[in-house]
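Peer 1: have a look; sequence and predicted model below, questions after that.
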Amino acid sequence: MLKKILLVLMMFATGNLLAQQLDTDFPKTFRVKITNTQTDARENTLVVLSPEQIRNVAGQFNAKAFVVTDGGKEIPSQYNAHDKDNAGIVFVIEKLAPSESRNIVVRYNPSGSNPRTYAKQTQAELSRKTGGEWKGREYIGGTFQNVDYLRVPPEHKDHSWFIRYEGPGWESDKVGYRFYLDQRNAADVFGKKTPEPVLQNVGLDGFDSYHNPQPWGMDVMKVGKSLGIGSIGAQVDGKTIRVEKTDSVSCRIIENGAVYSSLLTNYSGWLVGTKKHDVQSRISIHAGTRLTHQQLTLTNNAETLVTGIVKDTNAKLFTDKGSAQQWAYLATYGKQSLNSDELGLAVLVKPLSLTAFVEDEFSHIAQLKVTQGKLDYYYLAAWIGEPGGIADEKQFLDYVSRVAKELAHPVKVVLTADKK
């Protein structure tokens, strides 16, 4: 009993010392009230405090010296300086009870630099070869090097051996994704057996290794000629096309942080029928989620796009047109992974964006309306090989339904200046 009492006292003393240190290092504060606007619990909710919101309560905020605390405990956060759609302080609330309001405190130091580092729960990367040479459409020799920006060479096509795992990748602690940065421009899924970052190890030993089980996981989805999962497409004369014929393509890693990562791809002159469109694609992911957020901007009065999910005879199809209470979704579940085990895939869209659910030879398809040159949607994958992952069809459908409701009911965020 005495040992337990001493242990509690030591923990209490340690907690007080840590709190005092935070008070010294980050003497100024403002408060953030986060309210769950739905009557269901929610997990791993992304919160973004914009630069404008922060200025209104903190004036000239120092983005190089701050911490976010929940109940006095420091939680992982980051400052997004480059992602214009999610710029500012970013953090994730692990759990919110039904209708709960949570009070968060942001501590900061107006001067000096004291940046915090946290274990990475997200990652975005792009790795190309250098030191070799092009011979026709193949890149011979060289070694892979991570870069923040790449303008795709005109020689580059599928299986040119130039980009590691054939395109940029992004991941959370739950799942990883990539898309082919070539004429296919289709998204694919990396199932993960660990919450640790894994992309940095994928494809170093050859392009085929990740199609088989590895200690970290594997490529779990066959894309082929389909829309993969959430890929950008259009329909021309009854045929589904991906972003295939373009004037040029460039890709940039925008954020690569502990709790949030994103990348930006510019497709110049995408040919759709007889019209050309410039397309900006922003892809992002945050800690604790399987969701990828796809945000698109298009020029030249684009009116419709499509996205979807690869067809597989081993998977059942589920659709819901949504309502004011939840987003619409297209989903499949079954033993459709490359490992012949259970994999759930879903695309979630705003009901007002949805025109119809259709299909072609290769894909289950959602037809979508573009509004004032903008469109956004989410997609996700849930593999049974995840640690403690979704185990069956019912769990997957319950999960997709919960996510659809959460998207329709974002949390309410209110910032208040500290009175001190």
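Peer 2: Perfect, thanks for sending it. Bear in mind the structure is a predicted one, so any value in this text is a computation, not a measurement.
Peer 1: and stretch 124-135, how far out from the chain's middle?
Peer 2: Distance, stretch centre to chain centre, for stretch 124-135: 24 Å (Cα atoms, centre = their mean, to the nearest Å).
Peer 1: the stretch 151-300 of the chain: strands as residue ranges?
Peer 2: Using DSSP state E, counting those that start in this stretch, the strands found in the stretch 151-300 of the chain span residues 169-171, 175-179, 187-192, 217-219, 233-236, 239-242, 248-256, 260-272, 275-286, 292-298.
Peer 1: would a markdown table of these with distance to Asn103 and mean pLDDT be doable?
Peer 2: Where you see a C-beta, it was placed from the backbone N, CA and C, and this is true even at glycine. As requested, these are exported to a markdown table (distance: least, Cβ to Cβ, whole Å; pLDDT from 0 to 100):
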| stretch | distance to Asn103 | mean pLDDT |
| --- | --- | --- |
| strand 169-171 | 31 | 98 |
| strand 175-179 | 31 | 98 |
| strand 187-192 | 33 | 98 |
| strand 217-219 | 38 | 96 |
| strand 233-236 | 44 | 96 |
| strand 239-242 | 46 | 97 |
| strand 248-256 | 27 | 98 |
| strand 260-272 | 22 | 98 |
| strand 275-286 | 21 | 98 |
| strand 292-298 | 27 | 98 |
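Peer 1: which one of the ones you listed lies nearest to Glu342?
Peer 2: Checking the strands of the stretch 151-300 of the chain against Glu342 by Cβ to Cβ gives strand 187-192 as the closest, at 10.5 Å.
Peer 1: parallel or antiparallel, list what pairs with the closest one.
Peer 2: Strands that pair with strand 187-192, judged by DSSP bridges, come out as strand 175-179 (antiparallel), strand 217-219 (antiparallel).
Peer 1: give me whichever of those is most buried.
Peer 2: When these are scored by mean count of other Cβ atoms under 10 Å, the highest mean neighbour count falls to strand 175-179 (a mean of 26).
Peer 1: centroid residue for this protein?
Peer 2: Nearest to the mean C-alpha position of the chain, by Cα atoms, centre = their mean, lies Ile285 at 1.8 Å.
Peer 1: got the contact list for that one?
Peer 2: Ile285 makes contacts with 122, 124, 170-172, 177, 260-262, 291-293, as judged by Cβ atoms under 8 Å, 6 or more residues apart in numbering.
Peer 1: what is the burial count for Pro410?
Peer 2: When counting by other Cβ atoms under 10 Å, one arrives at 13 neighbours for Pro410.
Peer 1: same question for Leu375.
Peer 2: The number of residues packed near Leu375 is 22, by other Cβ under 10 Å.
Peer 1: chain neighbours aside, what residue packs nearest to it?
Peer 2: Spatial nearest neighbour of Leu375, excluding adjacent residues (Cβ to Cβ, 6 or more residues apart in numbering): Leu296 at 4.6 Å.
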